[in-house]
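S.K.: generate coordinates for the sequence data below:
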Amino acid sequence: MYNKVTLVGRLVRDPELRYTPGGKAVANFTIAVDRGFKDKETGESSADFIKVTTWDKQAENVSNMLKKGRLVLVDGSIRTGSYEKDGQKVYTTEVHAVRVVFLDRGEKVAEGGSGSVEDVFFGGQGIDDDDVPF
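M.R.: Numbering: from 1, shown residues only. Model (predicted):
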């Protein structure tokens with residue numbers, strides 16, 4: 001079996017950082033991933049909104065360094081679950097990130113530019129422009 005996902009998208013809001021009772025950091029954020037086509041009737045781009053969770057030092061770094069609008073690459077695995085709400089079963093899907101790559105610099109987003117690949121990610125090693133899969 002193989003469960004791996006790589007996504008590139010922009011944060012739709014600032015990450016939320018919390019700590020488990022055991023002191024483990026966990027950050028949650030959502031990215032908008034463009035579907036690559038426009039609606040025929042409205043001409044608007046279409047996107048999927050993907051929930052992402054990351055842990056430990058990477059969670060703290062994501063929380064400290066990422067803000068709404070930042071472009072990121074997320075590597076991880078898909079996790080599904082369910083819970084009961086008002087007698088209805090609700091299914092959940094999210095990505096558990098093992099690597100989050102910051103693909104633009106914060107000041108470039110503020111200026112409206114797309115920026116370039118930042119040479120830092122928080123998962124154990126650095127990258128350069130040749131490592132980005134697009």
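S.K.: so where does Ser63 fall, helix or strand?
M.R.: Counting by DSSP states H and E, the secondary-structure element that holds Ser63 is helix 56-65.
S.K.: now do the very next helix or strand once past that helix: distance to the chain's middle.
M.R.: From helix 56-65 onward toward the C-terminus, using DSSP H and E, the following helix or strand is strand 71-85. Once both centres are worked out by C-alpha atoms, centre = their mean, to the nearest Å, strand 71-85 turns out to sit 10 Å from its chain's centre.
S.K.: show me what strand 71-85 packs onto, helices and strands only.
M.R.: strand 5-11, strand 45-55, strand 88-102 (3 or more C-beta pairs under 8 Å, 6 or more residues apart in numbering; DSSP states H and E). Where you see a C-beta, it was placed from the backbone N, CA and C, and this is true even at glycine.
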